[in-house]
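Participant: Take this sequence and fold it.
(one chain, ligands or ions: 1)
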Amino acid sequence: MTTMTKGATPASPASQARRGSGSHFLPVFARADVAFERGEGAWLFAEDGRKFLDFAGGIAVNVLGHSHPYLVEALTQQAQKLWHVSNLYNISEGARLADRLCELTFADKVFFTNSGAEALECAIKMARKYHSANGQPERYRIVTFEGAFHGRTLATIAAGGQKKYLDGFGPKVEGFDQVPFGDFDAMKAAVGPETGAVLLEPVQGEGGTRVFSNDFLRKLREFCDEKGLLLILDEVQSGVGRTGKLFAHEWAGITPDIMAIAKGIGGGFPMGACLSTDKASKGMTAGVHGTTFGGNPLAMAVGNAVLDVVATPEFLEGVRATARDITQRLAELKDRYPDLIEEIRGSGLLIGIKTKIANTDLVAAAREQNFLSVPAGDNVVRLLPPLNIGENEIREAYQRLDAALASLSTKAGTPA
Ligand SMILES: *Cc1c(COP(=O)(O)O)cnc(C)c1O
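Facilitator: Next comes the predicted model:
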């Protein structure tokens, strides 16, 4: 007989079968009326029997689709050994993942988190601490760009600067100066004696798959060096192979001083990381920052497994080829529905369809065709397929989007 404490017995089958009503969720999400019970590759299976093609990818998270056997194996193997010990002790899988991330990037140091916003919090604190440790604590200000999204904590909503996320939540965290997207002169003008860093997403995700040009990033890198500013990149969405390079800044041939990542690195397991050079992490000494869950053995095992698959030249070349294929098909759709589609844009498999109708109408019409996508800012519909998506799924995606666009075209009274 096992010794179970009171309340530790598993729920009875009857109570397990009872579905939640959803009415006790904090109503901050406008959820679509569908619940999934299983996923396989690019496909999601709903409780009601419907089958969806998933180009939402849990918002750029499921880089290898659903239930990738290699990731499932890594997670279940680890689950049988050890779940959590805290950062009071060494975590070998984490040390290994940090070594590998540094090997693959500009970085010398890694701090693991549970989310993107926490990775950004670490990046922001690190930039401030750097200047403070250098005897310039007044350089705490950070320049950011309109349309940015850096998370939902108090500091990251201030960094993102979007009114709809700031309203009603009290005084905005001090120290962020926002300039128009891609405006180099405005950026320069916003830099003063109190500025310590510039923060941006090389490709804005939530902002509508808007890409900073390679030229802009190179000029920015030079400018930061000249002024002693730290360059912080938010690659929470653009990183981990999404654009066809392991990290999007590689397209410009530059490196940041600090980089936040999350989403894809866990392939669906919640995790993130703040990567930095030795120089930028000056000041981040024992006790000044921390986390209970960050870098936990389950997350680390999955992170290593994701890198095993994604961080190879062949895999990334495959992403680029797939992106060319999908982009070409989308261009075809744009030609066929000029009244509905304004532009196809983005980078790699971080793709945006800028619509002439409400973007949410296309997302809804596509969902009618059992095709999942994500709305983004600037009236864009985002497509975030698994990086390892197959040709059949790409063809299916084209057909379903075509059907969705046709249904809207008819409604608008302008048959294609
Ligand atoms: C999603 C996202 C974040 C926030 O990540 P969370 O895990 O939701 O905290 C930050 N920056 C970018 C670019 C993102 O796409």
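Participant: make it CA atoms for all contacts and neighbour counts henceforth
Facilitator: Fine.
Participant: burial count for residue 377?
Facilitator: For residue 377, the neighbour count with other CA atoms under 10 Å is 18.
Participant: From residue 147, how far off is it?
Facilitator: With distances taken as CA to CA, to the nearest Å, residue 377 is found 7 Å from residue 147.
Participant: Spell out which parts of the chain neighbour the ligand.
Facilitator: When proximity is defined by CA under 6 Å from any ligand atom, the chain lies next to the ligand at 115-117, 149-151, 201, 205, 234-237.
Participant: Overlap of the contact sets of residue 377 and residue 147?
Facilitator: Common neighbours of residue 377 and residue 147, counting by CA atoms under 8 Å, 6 or more residues apart in numbering, are 206-208.
Participant: hang on, the earlier thing: in a markdown table, list the residues of the chain next to the ligand along with neighbour count, distance to residue 299 and pLDDT.
Facilitator: Output for the residues of the chain next to the ligand, formatted as a markdown table (neighbours: other CA atoms under 10 Å; distance: CA to CA, whole Å; pLDDT from 0 to 100):
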| residue | neighbour count | distance to residue 299 | pLDDT |
| --- | --- | --- | --- |
| 115 | 21 | 11 | 98 |
| 116 | 26 | 14 | 98 |
| 117 | 26 | 17 | 98 |
| 149 | 26 | 24 | 98 |
| 150 | 30 | 21 | 98 |
| 151 | 21 | 20 | 98 |
| 201 | 29 | 24 | 98 |
| 205 | 27 | 24 | 98 |
| 234 | 30 | 20 | 99 |
| 235 | 28 | 18 | 98 |
| 236 | 30 | 16 | 98 |
| 237 | 31 | 18 | 98 |
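Participant: need the helices for this structure, in chain order.
Facilitator: For the chain, the helices defined by DSSP state H cover 13-17, 57-60, 69-79, 92-104, 116-133, 154-160, 163-166, 184-190, 214-227, 297-310, 313-336, 359-368, 391-411.
Participant: packing partners for the third one?
Facilitator: Right, the one you point to is helix 69-79. In terms of contacts (3 or more CA pairs under 8 Å, 6 or more residues apart in numbering; DSSP states H and E), helix 69-79 is packed against helix 297-310.
Participant: The helix it packs on packs against which elements?
Facilitator: Helix 297-310 packs on helix 69-79, helix 92-104, going by 3+ CA pairs under 8 Å, 6+ apart.
Participant: now the angle from it to helix 69-79?
Facilitator: 160 degrees (axes from the mean of the first three to the mean of the last three CA atoms, to 10 degrees).
Participant: May I see the buried residues of helix 297-310?
Facilitator: 297-307, 310 (16 or more other CA atoms under 10 Å).
Participant: which one of those sits closest to the ligand?
Facilitator: Checking the buried residues of helix 297-310 against the ligand with CA to the nearest ligand atom, the nearest one is residue 299 at 13.8 Å.
Participant: The closest one: what's it in contact with?
Facilitator: 266, 269-271.
Participant: Kindly recompute the last result at 7 Å.
Facilitator: For residue 299, the contact set (CA atoms under 7 Å, 6 or more residues apart in numbering) comprises 266, 269, 271.
Participant: for residue 198, same thing?
Facilitator: Counted by CA under 7 Å, 6+ apart, residue 198 has contacts 142-144, 230-232.
Participant: so what's the residue of the stretch 151-300 of the chain found nearest the ligand closest to, chain neighbours aside?
Facilitator: Closest contact between the stretch 151-300 of the chain and the ligand, by CA to the nearest ligand atom, is at residue 151 (3.8 Å). Computed as CA to CA, 6 or more residues apart in numbering, the closest residue to residue 151 that is not its neighbour in sequence is residue 117, at 4.5 Å.
Participant: quick one: that neighbour from residue 307, how far?
Facilitator: 21 Å.
Participant: One more: residue 156?
Facilitator: 27 Å.
Participant: again, but for residue 119
Facilitator: Residue 119 sits 18 Å away from residue 307, going by CA to CA.
Participant: now do residue 217
Facilitator: The gap separating residue 217 from residue 307 is 26 Å, by CA to CA.
Participant: Nearest spatial neighbour of residue 359, chain-adjacent residues omitted?
Facilitator: Leaving aside its chain neighbours, residue 359 sits nearest to residue 379 (5.1 Å; criterion: CA to CA, 6+ apart).
Participant: Hmm, the one you found is touching residue 355, no?
Facilitator: Yes: between residue 379 and residue 355 there is a contact under CA atoms under 7 Å: 6.2 Å.
Participant: Looking only at neighbour counts, state which of the two leads.
Facilitator: Between residue 379 and residue 355, counting by other CA under 10 Å, residue 355 is the more crowded of the two (22 against 19).
Participant: OK, contacts around the more buried one?
Facilitator: Residue 355 neighbours (CA under 7 Å, 6+ apart): 340-342, 379-380.
Participant: now with 6 Å?
Facilitator: Applying CA atoms under 6 Å, 6 or more residues apart in numbering, we find residue 355 in contact with 340-342.
Participant: Residue 135 too?
Facilitator: Counted by CA under 6 Å, 6+ apart, residue 135 has zero contacts.
Participant: One more pass at 10 Å, please.
Facilitator: residue 129 (CA atoms under 10 Å, 6 or more residues apart in numbering).
Participant: Show the backbone phi and psi for it.
Facilitator: phi 80, psi 20 (degrees, to the nearest 10).
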